[in-house]
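Trainee: pasting a predicted model and its sequence here:
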Amino acid sequence: MTIDRLRRILTPVIVVAALVGVYLVVRGEGPEAARSFARAEAVPLVAASLAANVAGLVLAVHAWRVLLPGDHPIRGLYAAKIYFLGQLSKYVPGRVWGVLTHVAHGRAVGVPGSQMTSAYVLSLALTLLTGAAVSLAAAPVALPGHWMWLCLPALFFLASTLRPALVTRPVAAAARLARRPVATPPDGAVRRAVLLAVASWTASGLHLWFLVLALGAEPWGGLGAAVGGFALATVVSSLALIVPDGWGVRELTITAALATVLPAGPAAAAAIASRLVCVVAELGSSGVVLGWSRLRPAPTARPAPAPTAEPPPTTTPTPTAPDTGTGTPPDTAHADTGTALAPPHGDPHAPHRLTPLGEARVHP
């Protein structure tokens, strides 16, 4: 059995199993929790949840863009367009559409495909690293009294931020083994990308916190569980390669993380509401960016430097022939034919021969 056939079989099985599991958890107190989102006092929290998720997406665009080396026109609206098109590709079966989208739009403005691929691969690696780091925020609530051993991965994250080569070198080595070389950006760019990615995870996690508050959870107790739980669930679902966008896997992980601060039913309802908020934020932001980009011209590729002008060829002046004694200047004796008399090269006393007027003689 081939891997593709196995994936086609396992994907619906895992998705259905995960959704059934979420349904079994939510069927008891879930309806009541869902009605909690419709309360008047919950509407501002739902709106804040949507805004927080959009802010996380904007920060993610900048975290990816700073990994592109050199001076290039991929910035602002065009950078957002490429990023959101790559985000939309995750809803399409297959894992290559995102990088193909980035490469195609980068080449359209003169950025080599190798640079776009490198930025995509490094952004993916840093996203997983920073997501795993932010997920540690849920440890004190999820593992009360037993979370101190998680200081080791936290120290590794800090070390990799100070020394980006701890992350970029293994990624570059793995890319070489896959025959997809990765150009490592400067350490400063990697550090900025890490900080922006952490800010993106934090903002995105706040959207779940607002939903938890709408369900009546204790504010500060639910903050770490929401931010860390969302990061953990997203990383875990991203590693579930056979499930499109982690459907079901992410909901189960969020439910488990929020069960420390909410009953199981409301926790599952929050997980489902989180999925809806994320889909609305991604599709809505993509629609706005793509619609706005159609009203503004795309950046043009930077012209190549003009070639250096070569000096004009040096010509050998035509020697003046002696007077023929006929009273007619020798250089005009054949004006009607458009030719001039010129001696053979190197022999001024040889008989004259006809050469085209104005012919240039270039020195070797």
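Mentor: Arrived safely, thanks for sending. Numbers count the residues shown, from 1 in each chain.
Trainee: and the gap between residue 90 and residue 187?
Mentor: Going from residue 90 to residue 187 by C-beta to C-beta, to the nearest Å gives 29 Å. For every residue, glycine as well, the C-beta is placed using N, CA and C.
Trainee: what helices or strands is the helix or strand in which residue 78 is found leaning on?
Mentor: Using DSSP states H and E, the element containing residue 78 is helix 76-88. In terms of contacts (3 or more C-beta pairs under 8 Å, 6 or more residues apart in numbering; DSSP states H and E), helix 76-88 is packed against helix 43-65, helix 97-108, helix 264-295.
Trainee: what's the closest of the ones you listed to residue 132?
Mentor: Smallest distance to residue 132 across the helices and strands packed on helix 76-88 (C-beta to C-beta): 15.3 Å, for helix 43-65.
Trainee: now do the same for residue 184: helix, strand or coil?
Mentor: coil (DSSP: H, G, I helix; E, B strand; the rest coil).
Trainee: need the pLDDT of it.
Mentor: Looking at residue 184, its pLDDT stands at 80.
Trainee: the one 3 residues further on too?
Mentor: For residue 187, the pLDDT comes out at 86.
Trainee: what's the closest non-adjacent residue to it?
Mentor: residue 164 (4.8 Å; C-beta to C-beta, 6 or more residues apart in numbering).
Trainee: shaky segments in the protein?
Mentor: Within the chain, the ranges that satisfy pLDDT under 70 run 1-36, 38, 70, 91-97, 145-147, 241-246, 296-364.
Trainee: what about the helices in the stretch 201-350 of the chain?
Mentor: 219-239, 249-258, 264-295 (DSSP state H, counting those that start in this stretch).
Trainee: now for the second one, which elements pack on it?
Mentor: So that's helix 249-258. helix 3-26, helix 187-214, helix 219-239, helix 264-295.
Trainee: that one vs helix 219-239, what angle?
Mentor: For helix 249-258 against helix 219-239, the angle by axes from the mean of the first three to the mean of the last three C-alpha atoms, to 10 degrees is 150 degrees.
Trainee: next one: the last one
Mentor: With the same axes, to 10 degrees as the criterion, the two stretches helix 264-295 and helix 219-239 enclose an angle of 70 degrees.
Trainee: ok and helix 264-295 relative to helix 43-65, angle-wise?
Mentor: Using the same axes, to 10 degrees: helix 264-295 against helix 43-65 is 60 degrees.
Trainee: which neighbouring elements make contact with helix 264-295?
Mentor: Against helix 264-295 (3+ C-beta pairs under 8 Å, 6+ apart) you get helix 3-26, helix 30-36, helix 43-65, helix 76-88, helix 187-214, helix 249-258.
Trainee: before I go, just wanted to say thanks for your time.
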